[in-house]
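Chemist: predicted model follows, preceded by the sequence.
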Amino acid sequence: MDEDKIDEIIGYHRTDKSKLITILQDVQAEYNWLPPDALKHIAKRLHVPLIDVFGIATFYKSFSLEPRGRHLVRVCLGTACHVRGGLRILETAKRILDIKAGETTADFGFTVESVNCLGCCALGPVMVVDDEYYGNLPPAKVERILRKYGHTSSNSSTSIKEKKT
Ligand code: FES
């Protein structure tokens, strides 16, 4: 963790403890996750109890306390997507990246997660890479999409972390 970078983010928000959530968002945007040392540093600099910082970091699902890949692949398994083949999309992404849901590729390129609903059920099945939505998605297109984000068959042969299925 680069303390200077964390200090830069805190300074940008004028060391304002009411901006804690925004600061955590910015730190996560920098590292793709919230390293424990970063949380300790933020708590110290903002004079906020560490337990409060961890409380916020664990409360919001968008924050990750585990290392994540540069690209977050979310596949919807909500009812509307499930009946339209969402599971096949997830299985295809897992096979191509050679990881399970909740895992990150060894090169930290990709993390795959399943989600319950992305709020665009009419587009199902839906996969989201970072903030880009791919709807009415046939499994055959998954690999082409992942290649767009830098996937090659050699860069994800081993997973590093299992978070959840
Ligand atoms: S069920 Fe997939 S977007 Fe709603």
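Modeler: Cool, got the structure.

Chemist: now the residue of the chain most remote from its centre: how far from the ligand?
Modeler: Most distant from the centre of the chain: residue 47, at 28.0 Å, with distances by CA atoms, centre = their mean. Plainly put, residue 47 is 41 Å away from the ligand if you go by CB to the nearest ligand atom, to the nearest Å. In short, each C-beta sits where N, CA and C put it, glycine included.

Chemist: go on, residue 77?
Modeler: Plainly put, residue 77 is 7 Å away from the ligand if you go by CB to the nearest ligand atom.

Chemist: centroid-nearest residue for this structure?
Modeler: residue 72 (4.4 Å).

Chemist: who are the contact partners of the residue of the chain found nearest the ligand?
Modeler: Among the residues of the chain, residue 78 lies nearest to the ligand; the distance is 2.5 Å by CB to the nearest ligand atom. Residues in contact with residue 78 (CB atoms under 8 Å, 6 or more residues apart in numbering) are 86, 115, 116, 117, 118, 121, 124.

Chemist: residues in the protein within reach of the ligand, list them.
Modeler: 76, 78, 79, 80, 81, 117, 118, 119, 120, 121, 124, 126 (CB under 6 Å from any ligand atom).

Chemist: drop anything exposed from those residues.
Modeler: Among these, those buried by neighbour count (16 or more other CB atoms under 10 Å) are 76, 78, 80, 81, 118, 124, 126.

Chemist: so what's the backbone phi/psi at the nearest residue to residue 13 once chain neighbours are set aside?
Modeler: The shortest distance from residue 13 to any non-neighbouring residue, by CB to CB, 6 or more residues apart in numbering, is to residue 19 (4.0 Å). Per-residue torsions, residue 19: phi -100, psi 20 (degrees, to the nearest 10).
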